[in-house]
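K.L.:
just the structure for this:
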Amino acid sequence: LYDGSYRAALRPRPCPLAVCDCHIGYVHLESLPLYDVFAGGVLERVPAQPFWPTPP
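P.N.:
Model (predicted):
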């Protein structure tokens, strides 16, 4: 991390996949209600409400 060698990897490049199957892409599929699930946290994929009940 400290020698800066990672910087070469930080460049724009196209995705090599013919079909998107990553979880980031699925967030934006209009056929899934994920905008409702993640509300304002779509980019970070932080749910608007917890999926599991909190322990008493």
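
K.L.:
okay, CA-based contacts and neighbour counts for the rest of this
P.N.:
Noted.

K.L.:
give me the pLDDT value at residue 45.
P.N.:
We have a pLDDT of 69 for residue 45.

K.L.:
ignore what I typed, I meant residue 32.
P.N.:
At residue 32, pLDDT is 82.

K.L.:
now do the same end-to-end measure for stretch 17-35.
P.N.:
The first and last residues of stretch 17-35 sit 24 Å apart, counting by Cα to Cα, to the nearest Å.

K.L.:
sorry, slip of the keys, the one I care about is stretch 31-48.
P.N.:
Counting by Cα to Cα, you get 19 Å between the two ends of stretch 31-48.

K.L.:
go on, stretch 7-14?
P.N.:
End residues of stretch 7-14 are separated by 17 Å (Cα to Cα).

K.L.:
near the residue nearest to residue 27 when sequence neighbours are not counted, how many other residues are there?
P.N.:
Closest residue to residue 27 apart from its sequence neighbours, by Cα to Cα, 6 or more residues apart in numbering: residue 34 at 5.8 Å. By other Cα atoms under 10 Å, 16 other residues sit near residue 34.

K.L.:
which is the next helix or strand following the lowest-mean-pLDDT helix or strand in the chain?
P.N.:
In the chain, no helix or strand scores lower on mean pLDDT, DSSP states H and E than helix 23-27, which sits at a mean of 71. Using DSSP states H and E, the helix or strand that follows helix 23-27 towards the C-terminus is helix 34-38.

K.L.:
what residues of that next one count as buried?
P.N.:
34, 35, 37, 38 (16 or more other Cα atoms under 10 Å).

K.L.:
for residue 31, give me its contacts.
P.N.:
By Cα atoms under 8 Å, 6 or more residues apart in numbering, the contact list for residue 31 is empty.

K.L.:
distance of it from residue 13?
P.N.:
If you measure residue 31 against residue 13 using Cα to Cα, the figure is 27 Å.

K.L.:
list the contacts of the nearest residue to residue 49 once chain neighbours are set aside.
P.N.:
When the adjacent residues along the chain are set aside, residue 49 lies closest to residue 37, with 7.5 Å between them (Cα to Cα, 6+ apart). Contacts for residue 37 (Cα under 8 Å, 6+ apart) come out as 47, 48, 49.
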